[in-house]
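# Mind looking at a prediction? Sequence and model below.
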Amino acid sequence: MRKMVAERVVAAAERPELVPETPAHAAALDQVLNRAFGPGRFAKTSERVRERGAVHRLDVSRTALLAGTPIGCCRLHDIAIGAEAALLLGPLAVDPEHQHDGLGAALVAGAVEAARREGGVIILVGAPAFFAPLGFTQAPPGRVALPGPVDPARLLWLELSDGALDRCAGAVTAPRAATRT
Ligand SMILES: CC(C)(COP(=O)(O)OP(=O)(O)OC[C@H]1O[C@@H](n2cnc3c(N)ncnc32)[C@H](O)[C@@H]1OP(=O)(O)O)[C@@H](O)C(=O)NCCC(=O)NCCS
């Protein structure tokens, strides 16, 4: 009996915990991102948006911790779409040793839930098969312009407050000039 209780305690301790990201996670997450994406990590168009001044939002980004060690993340960045404030999702990564166990979907769901309080829109470039069950749909082709090539079928978005999608059109830029209505 005592052994069964002990096994349950160990199993609970081994379940990843999702927490807001902090600067203390940065070094370990850098390694996770390198392992998950490989050498193509910085070649993505969404990376061009981030390096042009998108602001990393630690408070609504989520880190998966296993026994205190970061093993995955879903980051959100403040951006603007035209004049409208929005969030860019990514990078999303789970350490290859811990993939295929629902953690990627849980990280996205956790970050979306955190962002829902402030409303607006989340956009991303990613696989529709993975993101559609989490509520994302394809942005209408031509509505949103990213600084680089994107397969329109992979440009996805999610509305967090009523009417927000209708206001989003134009270039994705740094958030300086944007308003959240
Ligand atoms: C994408 C990623 C975060 C998913 O993490 P995960 O913890 O395995 O996710 P889940 O367990 O919640 O879901 C896994 C399922 O998602 C689907 N999936 C994952 N990546 C996919 C992709 N690129 N295209 C389509 N479906 C995908 C598969 O159906 C997979 O099912 P399986 O486990 O039966 O193979 C992880 O594979 C990863 O880090 N990949 C490398 C980085 C990357 O591509 N990030 C996403 C950029 S948009």
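That came in fine, so what should we check first? Residues are numbered from 1 along each chain as shown.

# for this protein, what are the low-confidence residue spans?
For the chain, the stretches with pLDDT under 70 are 1-13, 177-181.

# Tell me the residues on it that lie near the ligand, please.
Within the chain, the positions near the ligand by CB under 6 Å from any ligand atom are 36-37, 90, 92-94, 99-105, 126-127, 129-130. C-betas here are computed from N, CA, C, even on glycine.

# Which of these fall in helices?
Among these, the ones falling in helices (DSSP state H) are 36, 37, 103, 104, 105, 129, 130.

# which one among those gets closest to the ligand?
residue 104 (2.4 Å; CB to the nearest ligand atom).

# Export the helix or strand where residue 79 lies to CSV, keeping only CA atoms.
Element membership for residue 79 (DSSP states H and E) is strand 69-81. Output of strand 69-81 as CSV, limited to C-alpha atoms (Å, rounded to 0.1, in the frame of the first residue of the first chain):
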residue,chain,number,x,y,z
THR,A,69,13.7,21.8,-15.7
PRO,A,70,12.2,23.6,-18.8
ILE,A,71,11.3,21.0,-21.4
GLY,A,72,9.0,23.0,-23.7
CYS,A,73,7.6,26.4,-24.4
CYS,A,74,4.9,28.3,-26.2
ARG,A,75,5.9,32.0,-26.6
LEU,A,76,3.7,34.9,-27.5
HIS,A,77,5.0,38.3,-28.8
ASP,A,78,3.3,41.6,-29.0
ILE,A,79,3.0,42.7,-32.7
ALA,A,80,0.7,44.9,-34.8
ILE,A,81,-1.4,43.8,-37.8
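
# Pairing partners for that strand, with directions?
Using DSSP bridges, strand 69-81 pairs in its sheet with strand 55-56 (antiparallel), strand 62-66 (antiparallel), strand 84-94 (antiparallel), strand 170-173 (antiparallel).

# And the residues of the chain next to the ligand, which of them are buried?
36, 90, 92, 93, 94, 103, 104, 105, 126 (16 or more other CB atoms under 10 Å).

# Quickly list what the fourth one is bridged to.
Here residue 93 sits in beta bridges with residue 73, as judged by DSSP bridges.
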